[in-house]
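1. Build the 3D model from these lines:
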Amino acid sequence: MNEIICSNCQKPYPDVEVYFRCQNCGGTFDYTSHPVYDPKSVETELPGTWRYRHTFGLTPGAPVISLGEGNTPLVWGEVEGQKVAFKLEYLNPTGSFKDRGSAVLISFLEARGVNEAVEDSSGNAGASFAAYAARAGLKGRVFVPASASGPKRAQISAYGAEIVAIPGPRSNAAEAVLHEVQRGTVYASHAYLPFGLVGYATVAYELVEQLGGVPGTVLAPVGHGSLLLGLGRGFVSLIRAGVIDQLPRLVGVQALACAPIWAISVYGHSGVSRVEEGETLAEGIRVRFPVRGEALLRMVEESQGTFLAVAEADIFPGRDQLARQGFYVEPTSAVVWQAMKNLAGKMPEPIAVVLTGTGLKYSSQ
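-> Numbers count the residues shown, from 1 in each chain. Predicted coordinates:
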């Protein structure tokens with residue numbers, strides 16, 4: 001396994017057991033280096049993202065847990081007269097990009113002998129966790145906000161996971177799951193555990209393969225920051241492998257109602273005091289305290305990229321405009337539309353936009 005340490009005290013991740021944060025200081029675990037990509041080590045006979053298994057850093061005995069995630073289409077569209085390549089991550093097996101991370105995370109848990117775990121989610125991560133847990137034969141329980149979209153809750157239940165609905169904002173579900181963890185249950189957190197990052201890096205590998213080179217700009221919605229961070233690390237790995245020669249400009253998009261990373265990028269760390277966990281149609285990125293925020297800020301700065309915040313009034317129109325081009329996504333994904341309009345003519349080409357979750361999961365009821 002690639003070396004993982006506490007970002008605060010540098011204590012290594014334990015060789016046994018599964019801890020979501022450092023037992024020594026409470027810090028967040030992360031990799032000490034980017035994935036190591038080798039074009040000659042790509043295993044084309046393996047399914048989906050597992051082609052890139054050599055970059056995952058899992059132990060040799062870790063099983064391949066797959067539902068066919070990855071290999072998502074790249075389809076060209078147009079925004080404000082500018083051609084844009086849309087990466088259709090909503091066509092992953094459970095309807096979101098989360099499947100790339102879940103495949104690696106559940107493989108890790110299986111290798112550690114875990115047979116039961118809990119997760120918290122606004123919907124997509126919970127559904128993905130439940131599906132891959134079912135595939136591996138793990139018992140799962142998912143804490144969700146009571147306001148989470150009905151189709152997402154139905155999907156989680158269909159996979160056999162138990163749902164625990166928590167009243168109030170998204171952060172309440174994150175707090176509630178910790179009480180379960182204190183009783184000794186493994187916390188398979190997509191936010192705290194770093195294993196999903198190497199799964200998200202595979203989006204970068206696929207983009208370069210599909211475009212025949214490096215994109216000039218990549219846009220994606222941002223909640224905890226894991227997707228865009230994983231993407232950035234994937235591109236760095238490709239640079240180090242000599243596959244590409246530059247880092248694309250990374251653009252992270254948040255909903256203005258809850259935009260902590262954008263606030264910090266604009267106002268500095270004092271910007272956090274301006275942020276509330278406001279109601280937003282973009283429920284998948286309603287995260288007031290993003291676990292990977294600092295690392296993502298550094299990555300986006302390195303890429304000479306930026307963060308944008310989109311007003312609520314622009315989210316549904318963005319969803320509708322994407323649908324008019326054949327892309328049916330949930331409101332969380334649709335925040336990218338207004339961001340593209342705001343940056344039209346200012347982004348290096350080719351431009352790639354990640355559409356993260358299917359519109360079939362959204363319900364206003």
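
2. Run through the helices of this structure in chain order.
-> Here the chain has its helices, by DSSP state H, at 98-111, 124-136, 150-158, 170-181, 195-211, 226-240, 260-267, 293-302, 315-324, 331-343.

3. And the average pLDDT for the third one is what?
-> Regarding helix 150-158, the rounded mean pLDDT is 91.

4. Could you check the angle it makes with helix 124-136?
-> 20 degrees (axes from the mean of the first three to the mean of the last three C-alpha atoms, to 10 degrees).

5. Output the contacting helices and strands for helix 150-158.
-> Using 3 or more C-beta pairs under 8 Å, 6 or more residues apart in numbering; DSSP states H and E as the contact test, the elements touching helix 150-158 are helix 124-136, strand 139-145, strand 162-166. (Glycine included, C-beta is placed from N, CA and C.)

6. Could you identify which of these is most buried?
-> Highest mean neighbour count among those (mean count of other C-beta atoms under 10 Å): helix 124-136, with a mean of 27.

7. quick one, domains of this protein?
-> The chain breaks down by automatic domain parsing into domains covering 74-96+195-361, 98-187.

8. mean pLDDT lowest for which of those?
-> domain 98-187 (a mean of 93).

9. Quote the end-to-end distance of it.
-> 17 Å (C-alpha to C-alpha, to the nearest Å).

10. from the middle of its chain, how far away would it be?
-> 15 Å (C-alpha atoms, centre = their mean, to the nearest Å).

11. For stretch 214-222, buried residues please.
-> Val214, Pro215, Thr217, Val218, Leu219, Ala220, Pro221, Val222 (16 or more other C-beta atoms under 10 Å).

12. Which of these fall in strands?
-> Thr217, Val218, Leu219, Ala220, Pro221 (DSSP state E).

13. Would you agree the second one is in contact with Gly252?
-> In other words, Val218. No: using C-beta atoms under 8 Å, Val218 makes no contact with Gly252, being 9.7 Å away.

14. Between these two, which contacts overlap?
-> Leu228 (C-beta atoms under 8 Å, 6 or more residues apart in numbering).

15. Please give me every residue in contact with the closest residue to Glu162 other than its chain neighbours.
-> Leaving aside its sequence neighbours, Glu162 sits nearest to Arg141 (C-beta to C-beta, 6 or more residues apart in numbering; 4.4 Å). The contact partners of Arg141, by C-beta under 8 Å, 6+ apart, come to Glu116, Ala117, Val118, Glu119, Ala161, Glu162, Ile163, Val164, Glu180, Thr185.

16. so can I have a markdown table of those residues showing distance to Gln23?
-> As requested, the contacts of Arg141 are exported to a markdown table (distance: C-beta to C-beta, whole Å):
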| residue | distance to Gln23 |
| --- | --- |
| Glu116 | 20 |
| Ala117 | 18 |
| Val118 | 18 |
| Glu119 | 20 |
| Ala161 | 27 |
| Glu162 | 27 |
| Ile163 | 29 |
| Val164 | 25 |
| Glu180 | 17 |
| Thr185 | 16 |
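
17. Distance check, the residue lying farthest from the centre of the chain against Ile351.
-> Here the centre of the chain is the reference, and by C-alpha atoms, centre = their mean the most remote residue is Gly81, at 28.9 Å. Distance, Gly81 to Ile351, using C-beta to C-beta, to the nearest Å: 12 Å.
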